[in-house]
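> sequence first, predicted model second:
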Amino acid sequence: MRALQDFIPDSLAWAFFFDLDGTLAPLAERPEQASVPPATLGMLERLGCIAGGALAVISGRPLETLDVLLQPLVLPLGAEHGAIIRDSSGNIHAPANDAAGIVRALADALDESLGGMPGVLLERKNFGIAVHYRQAPEAADAVRGIMQTVRSRFPQFELLPGKMVVEAKLPGVDKGRALSYLMRDIPFAGRKPLMVGDDTTDETAFREANALGGTSVKIGPGATSARLRLAAQDALPGWIERIVEAGAMSGASDNA
Ligand SMILES: O=P(O)(O)OC[C@H]1O[C@H](O[C@H]2O[C@H](CO)[C@@H](O)[C@H](O)[C@H]2O)[C@H](O)[C@@H](O)[C@@H]1O
């Protein structure tokens, strides 16, 4: 696999897709402690301008949380692993059926089965849930077992393992589909997609970006379908800055 340092995509030809946790935001002990550094937000804003708006975030986070984490930017989004999409015109695309009741029932059942396991966090979302064990790594097997047992009573969901987390999401929802959906319309259409992510949950988007004639960047170690690798998350802002500077030198406008 190629290392990333010599690949500086042309901002006029590429569409940029970023994962959030572990990619734009350094990983934190708890979900509510994560933040996107102001310098990264500034670089994203400039990149979005020189790329003609062809920049989106595709994340497991709820849409409303992404808007808070990315403010003052308001970007096209694939939220909750792509269950909810906000396109470049600001239109929201979400599953037609109201999942609130069944998500609440699943979360309540998990809450009861987890029984206040120390260090284990239950995160409720609109179309799924996440059970985190970053603060109790020794609970990993127990959490996975409980998730499998409870999920068997809720066939409306499928499990998705991630970094120190097991999530339950709707079937047919994945980041690859979100990327593909966004790529259908201007300003993404006609460009080559570049997906940057750090987790197994990003693999569907890596494969989709590759299949659509683009490429993909995996941050950190681990088996992956991504074609390029960046050693660590803290090297990402510098790489984005190089794309922005190269774009500015080639005459792409970074005036909003
Ligand atoms: O698709 P992503 O943007 O990578 O979101 C995936 C999940 O990220 C969050 O959990 C992860 O980040 C937390 C904060 O750094 C960390 O404490 C946790 O261990 C990670 O799994 C988020 O809470 C989930 O909702 C996202 O699905």
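On my side now, so go ahead.

> name the element the residue of the stretch 51-200 of the chain found nearest the ligand belongs to?
Nearest residue of the stretch 51-200 of the chain to the ligand: residue 60, at 2.1 Å (Cβ to the nearest ligand atom). Every C-beta, even on glycine, is put in place using the N, C-alpha and C of the backbone. For residue 60, there is no host helix or strand (DSSP states H and E).

> distance of it relative to residue 126?
Distance from residue 60 to residue 126, counting by Cβ to Cβ, to the nearest Å: 12 Å.

> residue 133 too?
In this view, residue 133 and residue 126 are 22 Å apart by Cβ to Cβ.

> so which strand or helix has the residue lying closest to residue 76 once chain neighbours are set aside?
Closest residue to residue 76 apart from its sequence neighbours, by Cβ to Cβ, 6 or more residues apart in numbering: residue 56 at 4.0 Å. Counting by DSSP H and E, the element that carries residue 56 is strand 55-58.

> repeat that for residue 64.
When elements are assigned from DSSP H and E, residue 64 belongs to helix 63-70.

> likewise for residue 117?
For residue 117, no secondary-structure element claims it when assigned by DSSP H and E, so it is in no helix or strand.

> ignoring the adjacent residues along the chain, who's closest to it?
residue 139 (5.7 Å).

> could you measure from the one you found over to residue 59?
Residue 139 sits 24 Å away from residue 59, taking Cβ to Cβ as the criterion.

> compare those two (neighbour count), which wins?
Shown here are residue 139 and residue 59; by other Cβ atoms under 10 Å, residue 59 has more neighbours (29 against 19).

> wait, the more buried one touches residue 19, no?
Yes. Look at residue 59 against residue 19 with Cβ atoms under 8 Å: they come within range, at 6.0 Å.

> ok, and what's touching stretch 181-196?
Counting contacts by Cβ atoms under 8 Å, 6 or more residues apart in numbering, the residues outside stretch 181-196 that touch it are 9, 13-19, 23, 51-54, 56, 58, 76, 78, 82, 85, 87-89, 93, 175, 179, 202, 205-206, 208-209, 212-217, 219, 226, 230, 236.

> same thing with stretch 19-37?
Residues outside stretch 19-37 that contact it (Cβ under 8 Å, 6+ apart) are 18, 40, 44, 57-61, 66, 69-70, 121, 123, 130, 132, 134-135, 163, 175, 195-199, 201-202, 205, 219-220, 233-234, 236-237.

> tell me the SS of residue 167?
Of the three states, residue 167 takes strand according to DSSP: H, G, I helix; E, B strand; the rest coil.

> which strand residues bridge it?
Beta-bridge partners recorded for residue 167 (DSSP bridges): residue 130, residue 160.

> my read: it touches residue 130, true?
Yes. Taking contact to mean Cβ under 8 Å, the distance of 4.5 Å between residue 167 and residue 130 places them in contact.

> any common contacting residues for these two?
Here residue 167 and residue 130 have residue 60 as joint contacts, going by Cβ under 8 Å, 6+ apart.

> what's the burial count for residue 165?
Here the count is done by other Cβ under 10 Å, and residue 165 has 21 residues near it.

> also residue 246?
By other Cβ under 10 Å, 15 other residues sit near residue 246.

> give me the pLDDT value at the residue nearest to it when sequence neighbours are not counted.
Counting by Cβ to Cβ, 6+ apart, residue 8 is the residue found nearest to residue 246 once chain neighbours are left out, at 5.0 Å. On pLDDT, residue 8 comes in at 95.
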